[in-house]
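Participant: The following comprises the amino acid sequence and a computationally predicted model.
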There are 4 protein chains.
Amino acid sequence: MKRIGVVTSGGDAPGMNAALRAIVRTAHPTGAKIIGFRRGYEGLITNNTVLLDSRSVGGIIHLGGTILHTVRCPEFYTEKGLKKAAENLEKNKIEGLIVIGGNGSFKGAYELSERCRTAIIGIPATIDNDVYGTDETIGFDTAVNTAVTLIDKIRDTAVSHERIFIVEVMGRKRGFLALEVGLTVGAENILVPEIKPNIEKVCEKIKENAEKGKKSNIIIAAEGVGDTRKIAKEIEEKTGGDVRLTVLGHVQRGGHPTARSRLLACLFGEKAVKMLFQGKTKKVVGINGNQLVEIELKDSFTKEKPLNLEFLELAEKLAI
Amino acid sequence: MKRIGVVTSGGDAPGMNAALRAIVRTAHPTGAKIIGFRRGYEGLITNNTVLLDSRSVGGIIHLGGTILHTVRCPEFYTEKGLKKAAENLEKNKIEGLIVIGGNGSFKGAYELSERCRTAIIGIPATIDNDVYGTDETIGFDTAVNTAVTLIDKIRDTAVSHERIFIVEVMGRKRGFLALEVGLTVGAENILVPEIKPNIEKVCEKIKENAEKGKKSNIIIAAEGVGDTRKIAKEIEEKTGGDVRLTVLGHVQRGGHPTARSRLLACLFGEKAVKMLFQGKTKKVVGINGNQLVEIELKDSFTKEKPLNLEFLELAEKLAI
Amino acid sequence: MKRIGVVTSGGDAPGMNAALRAIVRTAHPTGAKIIGFRRGYEGLITNNTVLLDSRSVGGIIHLGGTILHTVRCPEFYTEKGLKKAAENLEKNKIEGLIVIGGNGSFKGAYELSERCRTAIIGIPATIDNDVYGTDETIGFDTAVNTAVTLIDKIRDTAVSHERIFIVEVMGRKRGFLALEVGLTVGAENILVPEIKPNIEKVCEKIKENAEKGKKSNIIIAAEGVGDTRKIAKEIEEKTGGDVRLTVLGHVQRGGHPTARSRLLACLFGEKAVKMLFQGKTKKVVGINGNQLVEIELKDSFTKEKPLNLEFLELAEKLAI
Amino acid sequence: MKRIGVVTSGGDAPGMNAALRAIVRTAHPTGAKIIGFRRGYEGLITNNTVLLDSRSVGGIIHLGGTILHTVRCPEFYTEKGLKKAAENLEKNKIEGLIVIGGNGSFKGAYELSERCRTAIIGIPATIDNDVYGTDETIGFDTAVNTAVTLIDKIRDTAVSHERIFIVEVMGRKRGFLALEVGLTVGAENILVPEIKPNIEKVCEKIKENAEKGKKSNIIIAAEGVGDTRKIAKEIEEKTGGDVRLTVLGHVQRGGHPTARSRLLACLFGEKAVKMLFQGKTKKVVGINGNQLVEIELKDSFTKEKPLNLEFLELAEKLAI
């Protein structure tokens, strides 16, 4: 394998740069050239490339975002776009391509893999943690900790006031982030997209808490559960309480990656390069327990990763 | 002066605990007893008190919130409430009362001072920084830094994407927080309540920036400028850009106070006790440059503190 | 099981409070009383107890340290001390005791278990991560991230200067912390107590790096590798470089626990209570991959947990 | 003024990049070219330059370190070095030079100004805060907050143990940093280079505290007070206590600048450019209270800035 391509795609996740560093520095001693495609899949279409050597990935292990950038590129998901990308892989003599991204990117990678001879390996990097087959994705631990740190600040003021705080965290379709955040901040209620929100039940719990002397409540809501402003109003009306809303937004995507997000990036990056040299393709790297695993590329985005509902039960049990 | 009362009132601000510590430990060697009123002005009405000695304010200099708690108490602002509070001051033989809070609390303190013989001194503590006569209030520097740290995270991801980010910071009436945050994060636009927002102008700047190759934009908006969701939609429609909203909310009130918020708390706390012993009343402690000053209690909430518009000009000049 | 005791022992670790909360709130619905022993094993000897109910562990999930305190108690490790502790367990009718701590505490727990009828379960909480049988201990992830965050700051200035930075992290006997920190900050050299430090080799690598244009170097050293001041001097003499030393010290023990440390605390706390109700004793809770496991109490401190040397290789490979 | 030079010199300080941004973007609309000299004064000798435009200082307002780098350059302080630098200023037609640094750099700037026709303005940026004539230097507030945040973590664990913690902060000659850190963390003792340390007195206070029930003590020591290891040992011997040492080291130089350090950088950068256009030279920008001031370049490094000893008294008074 003499020429390896790499692209970061979809929403950025803290640790993408650490993964780039691991890929380049693992591949470097083999003599292979590493070609980065800039601006996500758009770079595959426009042939926007940069040669990456060991020095060019120096001093980036701790940086959020991605030095290769990533933009949305609907064109890629068309037959014309995919062909153009396949041609550019051919033109650049890319024998193996590593795609760092989430479900949407892996779907694109699969479509591309059906149209080119280049071997393709995916590295799961998304704060949503919703890639099938891996316990964790690069960036998830960072996003969880960013949210937890902020909600700790809200707790500071919550104990001084008697208020209900709703914090909207990312997660349009899945509740992995909301669930882990909710459990670890000790939230009184956690709303995830997988379960229709029962505002009545939330309000009852708030009233029960008030009777027990617990006058401040924190509710974690994934963005996918609906309009949090409306939920806030509804709770205000039903409980007579003072409800405040925080929408964390893109704060959760940024920041320096945590040690764990970097560790996954190092392990996944090294593994992906090894897999290319072993002649593998259409796979995604993953971790199960402490074991690195190989996931079928198609499975990664077609199969649904189950939400750990035991965490939800535990959270409810402990937030009494 | 043998018995000094202290109360934290209104919205909490990081550094209130540091101020409590400074008051108690400055007064302690004089032999005076320090009586804390719990839960803001409500505690003055319900006579909810706690004796504070040097040990009881140990280990709190770095804590957000207030160990005395603070809740809203509309009753206090009635004739009946004020009388009840005055009676309780009398009953507890409080010779001097220190009120830690913002404009609303100082208005209440003034009304109370007209109805009792207790000397009253105010210590400005509010993240809004809108108390007339002092350059800075306890908690302001902390709130600014909390917001700045978070917006730095948004920048991380902003450079990888081509997006417009609106960040709503606190400030219903005044733009001190938005202004200092906007200048120090290098925001492309800053919207403050004091100036009617010109969305047309904002959109033009975004387009100009795009032409210059600056494809991501950060807009800081004080909550008082209007519905930020509507503003986001309007900008999206007028620029065709991808606009994302973050509402920082109560995150800004919490967290450990910065060194500067603690320093002000130490200085203000010591000064307030000294002023009581000098027989002063109806004053608010403040800082002008490096000098501690005394502000007329009535001025503190009736006169308007001017916004430093030069900062706005400088921010615009530097965000090119 | 009507009366359950709990004690935090040894060096404190972030997440101990979260574990206390999980224990109390898991046990609460069973009707069992939870008795906390204060100040570590000393409290077992002096019978220094506190009744813990659901409210008394409210608002502590995010606090560093331990609300029960922990002090060194050499007396406990004597025959007389152990007997006294056993008597107090008897006197308090403690049917099950949960010990939150590390290897030293588990050794003490084992000795105690040989002298009393109380069932004893251990929860591993130590920033050293050196308890046999569990992948991770409560507090480890927090300490790693604290160190990583600080070394990121050193990187900021390292790139502007051409210097060699040695950072001493905790770990008198084991290098788990140094290893994970070194890998995730991208350190050029990692020194662990398990491997005799080869300063010659370190200096050679520094010289090689200089030739490659990499003029700043970060060396992570566990405290157990020897006097870091002497190592700094030796490197300075042998390379002619400018060497700066940072000793992180107890900074690594404090701070709010990370989400992962809290998650382990929730899981371990719940599991320990369940095990007591299942009639188990002389066990330590642990995690292998994603599975909670039960470790023999005696094994936990007599068997040596292997250091993941593959991480050391990976770190060297990636820091080129 | 058509060509303006800028150089960052000496130890780096958080906010240097924000100052560079302010200089370039203030000068840009005048049509002047901005030439950056790389690697401190070395760049003036080797003529290592880079043209800085508005885009090249984009996205750096929040970065620690300095994009121009800064290395030690003893050669500059020789007659030969100064002449070479003066020649390069001439060759590059630099009409005005802005030096961002501390006392040592300003001494160099003064020597250079005596040997060239270029106007020279200094911007004080050093975490030591020891430049005469200005209340504060760029980077000081950041270093204070970094230290304070870390010592808060030590407090977490200090309350659980009965220990004495010594934290060595930067400051070889002056105690500004130690003093402000000590006051705002509530340290029991503060040791500054300006006052010979009285270890006897420190030990007495520790014993007094123990009698009052205050069993953990935090001592802040500037590095200039002597060998902190020896001080730790001495205190251990004299009090019989358990003493732990933390040496914060270069952690204090790095990290994102605080809002205040950035604000100073914006104000100082704009002011320095204005002063050049007003034909001024041999001046240093400063702040007194809220007023920007102009300091004689020679005064800035020859006159001694007084330490605010009132802060030391206040710290002692409040740490009872």
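Facilitator: Perfect, I can see it now.
Participant: list the helices and strands the helix or strand where A:V285 lies packs on?
Facilitator: Take DSSP states H and E as the rule and A:V285 turns out to sit in strand A:283-288. Using 3 or more CB pairs under 8 Å, 6 or more residues apart in numbering or on different chains; DSSP states H and E as the contact test, the elements touching strand A:283-288 are strand A:119-124, helix A:259-277, strand A:291-296, helix A:297-302. (Each C-beta comes from the backbone N, C-alpha and C, glycine too.)
Participant: what comes up buried for the third one?
Facilitator: Okay, so that is strand A:291-296. A:L292, A:E294, A:I295 (16 or more other CB atoms under 10 Å in any protein chain shown).
Participant: repeat for the last one
Facilitator: Burial within helix A:297-302, assessed by neighbour count using 16+ other CB under 10 Å, is assigned to A:L297, A:K298, A:D299, A:S300, A:F301.
Participant: ranges for the strands of the stretch 1-150 of chain A?
Facilitator: Per DSSP state E, counting those that start in this stretch, the stretch 1-150 of chain A carries strands over the ranges A:3-8, A:33-37, A:49-52, A:96-101, A:119-124.
Participant: sorry, back to before: which other residues reach the strand holding A:V285?
Facilitator: A:106, A:121-124, A:131, A:133-136, A:264, A:267-268, A:271-272, A:275, A:292-297, A:300, C:289-290 (CB atoms under 8 Å, 6 or more residues apart in numbering or on different chains).
Participant: again, only this time at 6 Å
Facilitator: A:121-123, A:133-135, A:268, A:271-272, A:293-295, A:297, A:300 (CB atoms under 6 Å, 6 or more residues apart in numbering or on different chains).
Participant: ok, back up a step: so which of the buried residues of strand A:291-296 is the closest to C:P257?
Facilitator: A:L292 (27.0 Å; CB to CB).
Participant: My read is that the closest one contacts A:K271, right?
Facilitator: Yes. Applying CB atoms under 6 Å, one finds A:L292 in contact with A:K271, separated by 5.1 Å.
Participant: Would you mark the buried spots in stretch A:301-317?
Facilitator: Of the residues in stretch A:301-317, A:F301, A:K305, A:L307, A:N308, A:F311, A:L312, A:L314, A:A315, A:E316 count as buried by neighbour count, 16+ other CB under 10 Å.
Participant: Could I get the contacting residues of the fifth one?
Facilitator: Listed by CB under 6 Å, 6+ apart, the contact set of A:F311 reads A:L179, A:L183.
Participant: make it 10 Å
Facilitator: A:G175, A:F176, A:L179, A:E180, A:G182, A:L183, A:T184, A:I190, C:L263, C:C266, C:L267 (CB atoms under 10 Å, 6 or more residues apart in numbering or on different chains).
Participant: how much space between the closest residue to the last one other than its chain neighbours and chain B?
Facilitator: Sequence neighbours aside, C:L292 is the residue nearest to C:L267 in space, at 6.2 Å (criterion: CB to CB, 6 or more residues apart in numbering or on different chains). C:L292 sits 33 Å away from chain B, taking CB to the nearest CB, to the nearest Å as the criterion.
Participant: what is A:I138 paired to in the beta sheet?
Facilitator: A:A125 (DSSP bridges).
Participant: how about the helices of chain A, start to end?
Facilitator: For chain A, the helices defined by DSSP state H cover A:16-27, A:41-46, A:79-91, A:103-113, A:140-158, A:176-185, A:199-212, A:228-239, A:259-277, A:297-302, A:309-318.
Participant: Looking at the contacts of strand A:283-288, which one is closest to chain B?
Facilitator: A:I123 (16.3 Å; CB to the nearest CB).
Participant: tell me which parts of the stretch 151-300 of chain A are close to chain B?
Facilitator: Within reach of chain B by CB under 10 Å from any CB of the partner chain, the stretch 151-300 of chain A has these residues: A:151-163, A:165-168, A:215, A:227-229, A:242, A:244-256.
Participant: In ChimeraX, how would I select the buried members of those?
Facilitator: In ChimeraX syntax, the buried subset of those is picked out as below (16+ other CB under 10 Å):
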select /A:151,152,153,154,155,156,157,158,159,160,161,162,163,165,166,167,168,215,228,244,245,246,247,248,249,250,251,252,253,254,255,256
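Participant: and stretch A:241-257, what's its mean pLDDT?
Facilitator: Mean per-residue pLDDT for stretch A:241-257: 93.
Participant: List the contacts of A:Y110.
Facilitator: Contacts of A:Y110 by CB under 10 Å, 6+ apart are A:V99, A:I120, A:G122, A:K282, A:V284, A:E296, A:L297, A:K298, A:D299, A:S300, A:F301, A:T302.
Participant: Dump these into a markdown table; add pLDDT and distance to B:L89 as well.
Facilitator: What follows is the contacts of A:Y110, written out as a markdown table (pLDDT from 0 to 100; distance: CB to CB, whole Å):
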| residue | pLDDT | distance to B:L89 |
| --- | --- | --- |
| A:V99 | 98 | 70 |
| A:I120 | 98 | 76 |
| A:G122 | 98 | 69 |
| A:K282 | 98 | 78 |
| A:V284 | 98 | 69 |
| A:E296 | 98 | 75 |
| A:L297 | 98 | 74 |
| A:K298 | 98 | 75 |
| A:D299 | 98 | 72 |
| A:S300 | 98 | 69 |
| A:F301 | 97 | 68 |
| A:T302 | 98 | 71 |
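Participant: Just send the residues you listed back as CSV, with distance to D:N209 too.
Facilitator: Formatted as CSV, the entries for those read as follows, by distance: CB to CB, whole Å:
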residue, distance to D:N209
A:V99, 60
A:I120, 65
A:G122, 59
A:K282, 67
A:V284, 59
A:E296, 65
A:L297, 64
A:K298, 67
A:D299, 63
A:S300, 60
A:F301, 62
A:T302, 65
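Participant: which one among those residues gets closest to chain B?
Facilitator: Nearest to chain B among the contacts of A:Y110 is A:V99, at 15.7 Å by CB to the nearest CB.
Participant: Quick check: closest non-adjacent residue to that closest one.
Facilitator: A:A109 (4.5 Å).
Participant: Check that neighbour and give its pLDDT.
Facilitator: We have a pLDDT of 98 for A:A109.
Participant: Just the local confidence number for the residue sitting furthest away from the middle of chain A, please.
Facilitator: Farthest-out residue of chain A from its mean C-alpha position, per CA atoms, centre = their mean: A:E211, at 38.9 Å. Looking at A:E211, its pLDDT is 88.
Participant: how near is it to A:E204?
Facilitator: A:E211 is 11 Å from A:E204, where distance means CB to CB, to the nearest Å.
Participant: A:G10 too?
Facilitator: 39 Å.
Participant: the more surrounded of these two?
Facilitator: Each of A:G10 and A:E204 has its neighbours counted (other CB atoms under 10 Å in any protein chain shown); A:G10 has more, 24 against 13.
Participant: That one contacts A:D130, correct?
Facilitator: No. With contact defined as CB atoms under 10 Å, A:G10 does not count as touching A:D130 (11.7 Å).
Participant: shared neighbours, those two?
Facilitator: Joint contacts of A:G10 and A:D130 (CB under 10 Å, 6+ apart) are A:G102, A:N103.
Participant: can you list the weak-confidence ranges in the stretch 101-250 of chain A?
Facilitator: The model of the stretch 101-250 of chain A has no residue with pLDDT under 70.
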